[in-house]
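Novice: this one's sequence-less:
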């Protein structure tokens with residue numbers, strides 16, 4: 001168990017800071033952590049433009065959320081936010097590379113997409129994800145965002161459909177008017193007798209925030225995962241989670257900064 005797991009909640013919270021990246025060096029810290037988790041740990045094939053960093057065309061247009069271990073002086077968790085306005089400049093949302101989002105984006109609403117979320121292997125006890133979501137929820141409220149969306153990944157050995165997806169869609173699906181369509185669907189294997197996979201922690205966190213799943217998953221061969229598209233309406237966020245985030249963390253949340261990248 002990491003040292004973090006032995007700390008009292010209040011002391012542990014004071015040890016960590018959460019903020020938006022304010023300069024390129026901080027963005028690079030997030031990209032280095034992403035490379036460590038996705039490439040070195042998970043074995044993903046990254047089309048990066050900088051060695052030992054996960055860099056893609058969307059990073060320049062995103063707000064990067066960082067959780068820093070102030071004792072160790074390093075970033076231990078990160079995610080990124082792409083708003084509707086910035087997606088127009090970047091050429092679209094990342095999710096549009098995997099799904100047809102026509103029905104979603106036809107809504108008269110303001111969107112933001114979260115993605116590339118990861119936590120250092122020594123810090124996966126739930127606190128870091130809570131800190132990340134506190135900043136995401138704060139950003140959503142301050143910027144008048146109607147819907148949070150993104151891709152939540154489920155690791156698979158191959159592109160065969162697992163029984164878990166039927167269970168997720170049955171329990172958490174949107175209505176037919178809010179469907180997305182994967183560009184690379186999973187292969188339906190009628191002889192697949194594998195038991196249902198467990199829900200990964202990140203997807204479980206989304207579901208606890210009131211997320212809905214908008215249809216069948218997409219196979220991402222580079223990451224060897226099935227991505228499900230999730231949608232969270234701000235008005236439908238479970239109040240107990242927003243209250244938990246703000247009551248516990250609002251005194252430690254710094255002001256937002258523009259990213260210099």
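Specialist: On my side now, so go ahead. Values in this document were obtained by computation on a predicted structure and should not be read as measured data.

Novice: tell me how far residue 211 lies from residue 48.
Specialist: The gap separating residue 211 from residue 48 is 28 Å, by C-beta to C-beta, to the nearest Å. For the C-beta atoms, the positions are set from N, CA and C on the backbone; glycine is no exception.

Novice: of the two, which one has the most company?
Specialist: Applying other C-beta atoms under 10 Å to residue 211 and residue 48 shows that residue 211 carries more neighbours, namely 25 against 16.

Novice: my read: that one touches residue 232, true?
Specialist: Yes: shown here, residue 211 and residue 232 form a contact pair, counting by C-beta atoms under 8 Å, at 4.6 Å.

Novice: now do the shared contacts for these two.
Specialist: Counting by C-beta atoms under 8 Å, 6 or more residues apart in numbering, the shared contacts of residue 211 and residue 232 are residue 148.

Novice: please enumerate the helices of this protein.
Specialist: 9-15, 24-35, 84-90, 102-105, 127-142, 163-172, 201-208, 239-249 (DSSP state H).

Novice: the ones you listed into a markdown table, with extra columns for distance to residue 149?
Specialist: Converted to a markdown table, these look like this (distance: least, C-beta to C-beta, whole Å):
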| stretch | distance to residue 149 |
| --- | --- |
| helix 9-15 | 28 |
| helix 24-35 | 20 |
| helix 84-90 | 10 |
| helix 102-105 | 7 |
| helix 127-142 | 11 |
| helix 163-172 | 14 |
| helix 201-208 | 10 |
| helix 239-249 | 17 |
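
Novice: out of those, which is closest to residue 111?
Specialist: Residue 111 lies closest to helix 84-90 among the helices of the chain, at 4.8 Å (C-beta to C-beta).

Novice: what's in contact with that closest one?
Specialist: 57-58, 60-62, 82, 93, 110-113.
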